[in-house]
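[1] Got a predicted model here, sequence first, then my questions.
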Amino acid sequence: MFRTVEIGGWLLEVDKERTAETYQKLSKIECSCRYCLNYVKAYEYFPPTIKAFFEQFGIDPRKDAEVYTFQDDGDPIYDYYGFYHFVGRILRLPDSNIYSPETPVRDIAAIQIFEDFRVSFNTENALVPKDFPRPTVQLEFERLALPWLFDLPANELFKKFHPEKNKTE
């Protein structure tokens, strides 16, 4: 069932229940790179406000479409960026009273939600699972600060999980 959600000037129509049902069927994150492994492991460190933010859309934060970071190895805190999908529509853009759902939305500046955590919404979706219900909106986030949780720095962890890449020619 669709309901409206207003966030920082965005007016969205969200089907939380259908999104949650879809996330229950999705497998856990499939990428085994060190940064994705850390992101999933760090879920327990997500601030309650961030967990609640994703919950209002029916999104399981452990099942992202894409996450990445630009941090250097050895940093204790990593700023993550990425995106998820939810069943819904964009009804209004920030600072705009007029919007047509048929018009693609992309590259709208992210708005600050909590501390450094910023989000934007996009109708030009990437990496949407083939069975994900439509209409679909892409929720993009920036700067979710999470601790590095492995004993080894990222570059050493990579060598441990991918020994074949350590061989010299």
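    Sure, I can see it. Since the structure is predicted, the reported quantities are computational estimates derived from the model, not experimental observations.
[2] elements contacting the top strand by length along the chain?
    Counting residues, the longest strand found in the chain (DSSP state E) is strand 77-92. Under the contact definition 3 or more C-beta pairs under 8 Å, 6 or more residues apart in numbering; DSSP states H and E, strand 77-92 sits against strand 10-14, helix 16-25, helix 34-41, strand 66-69, strand 136-147. No exception for glycine: its C-beta is placed from N, CA and C like everyone else's.
[3] Could you export these as TSV, including mean neighbour count and mean pLDDT?
    TSV is the format used below for these (neighbours: other C-beta atoms under 10 Å; pLDDT from 0 to 100):
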stretch	mean neighbour count	mean pLDDT
strand 10-14	19	94
helix 16-25	16	97
helix 34-41	19	88
strand 66-69	18	91
strand 136-147	19	91
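[4] Which of these sits closest to Arg118?
    Nearest of the helices and strands packed on strand 77-92 to Arg118, taken as C-beta to C-beta: strand 136-147 at 4.3 Å.
[5] Name the residues that touch the closest one?
    Here strand 136-147 makes contact (C-beta atoms under 8 Å, 6 or more residues apart in numbering) with 12, 38-39, 42, 45-46, 50, 57, 59, 65, 76-90, 110, 115-126, 128.
[6] swap the cut-off to 7 Å and go again
    Contacts to strand 136-147, defined as C-beta atoms under 7 Å, 6 or more residues apart in numbering, come from residues 12, 39, 42, 45, 50, 57, 76-90, 110, 116-123, 125-126, 128.
[7] Mark which of these are buried, thanks.
    12, 39, 42, 50, 57, 78, 80-90, 110, 117-123, 125 (16 or more other C-beta atoms under 10 Å).
[8] just to revisit the earlier point, so for the longest strand of the chain, mean pLDDT?
    For strand 77-92, the mean pLDDT works out to 93.
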